[in-house]
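Asker: sequence and predicted structure below; questions after.
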Amino acid sequence: MKLIDMAHEKNSLWIFGYGSLVWKPDFAYKRRKVGYIKGYKRRFWHGDDFHRGDKEKPGRVATLVEDEEACTWGVAYEVPESHMEESLQYLNVREVMMGGYITEIVEFVPKEKSHTPLLALVYIATSDNPIYLGPASDVEIAAQISISSGKTGHNIEYLLRLAEFMRLCCPEVEDEHLFSIEAALLKIFPHGEITLSAQKAL
Ligand SMILES: N[C@@H](CCC(=O)N[C@@H](CS)C(=O)NCC(=O)O)C(=O)O
């Protein structure tokens, strides 16, 4: 049975976010749970020539890469039946049409041990995507993020807000890829001028 059919049967659909969706879902939901999915690692290997970059200077945003040893932490959102069509239409434009992501179904494991795992829809950009950028060093990724901005904002904000989410909601998780890019980015701006608090002051 397709996830959508199951969702209609249960009157709700779960959507898992691991990039901008963890701090800016911008669709209607009735519940959210912090947790993780197994078998994937989060990597800043996807290009973005709309939201956080442009055709000349594409930004770098998060995607998932299969790795059976890894897990990726984020947020699952429960969308009620009444808002399912509207939310999926919104995400289709934001993620698929403007972002180059495709949908997969994953098993989400809530951080709350008393909550049972559930199936969720996730948006993943694969390596056959025309704006997929692939691996690069932390310093190269940070340098690209430092000079990219698009219709939704600067690529720096995208990275710092994801790092902020991980520190606030998953403090026990060590995401070496994310935090090493953040460290490289902060070295480019040694006077703290790009921290979120500094940006809030602008
Ligand atoms: N699919 C991932 C990544 C989503 C993502 O970052 N998508 C970009 C599209 S390239 C986006 O929506 N950006 C909006 C923004 O940067 O504010 C997630 O679940 O969070």
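Answerer: Thanks, I have it.
Asker: kindly export whichever helix in the chain runs longest (C-alpha atoms) in CSV.
Answerer: Using DSSP state H, we find that the single longest helix of the chain is helix 155-169. The C-alpha trace of helix 155-169 is given here as CSV (Å, rounded to 0.1, in the frame of the first residue of the first chain):
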residue,chain,number,x,y,z
ASN,A,155,23.4,30.2,2.6
ILE,A,156,25.2,31.1,5.9
GLU,A,157,21.8,31.3,7.6
TYR,A,158,20.8,27.9,6.3
LEU,A,159,23.9,26.3,7.8
LEU,A,160,23.9,28.1,11.1
ARG,A,161,20.2,27.5,11.7
LEU,A,162,20.6,23.7,11.1
ALA,A,163,23.6,23.7,13.5
GLU,A,164,21.5,25.6,16.1
PHE,A,165,18.7,23.1,15.8
MET,A,166,21.1,20.2,16.4
ARG,A,167,22.6,21.9,19.5
LEU,A,168,19.2,22.7,20.9
CYS,A,169,17.3,19.5,20.1
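Asker: buried residues, the next helix or strand after it. List them.
Answerer: Remark: after helix 155-169, the chain's next helix or strand is helix 176-188, criterion DSSP states H and E. Residues of helix 176-188 classed as buried: 177-178, 181-182, 184-186 (neighbour count, 16 or more other Cβ atoms under 10 Å). The way it works is simple: take the backbone N, C-alpha and C, and place the C-beta from them, glycine included.
Asker: ok, stretch 19-31 next?
Answerer: For stretch 19-31, burial by neighbour count (16+ other Cβ under 10 Å) applies to 19-23, 25, 27, 29.
Asker: contacts for that stretch next, please.
Answerer: 12, 15, 17, 32, 42, 51, 61-63, 74-75, 77-80, 83, 86-87, 90-91, 94, 123, 158, 161-162, 164-165, 169 (Cβ atoms under 8 Å, 6 or more residues apart in numbering).
Asker: now, the most widely separated pair of the buried residues of stretch 19-31?
Answerer: Within these, two members stand farthest from each other by Cβ to Cβ: G19 and Y29, at 16.5 Å.
Asker: show me which residues of the chain sit near the ligand.
Answerer: Proximity of the chain to the ligand (Cβ under 6 Å from any ligand atom) is limited to residues 17-21, 24, 48, 51-52, 61-62, 94-95, 99, 101, 123, 152, 158.
Asker: stretch 102-116: how far from the chain's middle?
Answerer: 15 Å (Cα atoms, centre = their mean, to the nearest Å).
Asker: offset the numbering so it begins at 46, please.
Answerer: Got it, the first residue is 46 from now on, which makes the last one we talked about stretch 147-161.
Asker: quick one: end-to-end distance for that stretch.
Answerer: 26 Å (Cα to Cα, to the nearest Å).
Asker: ditto for stretch 154-173
Answerer: 28 Å.
Asker: and it, what's its mean pLDDT?
Answerer: Here stretch 154-173 scores 95 as its mean pLDDT.
Asker: what residues of that stretch count as buried?
Answerer: Across stretch 154-173, burial judged by 16+ other Cβ under 10 Å covers 154, 163-170.
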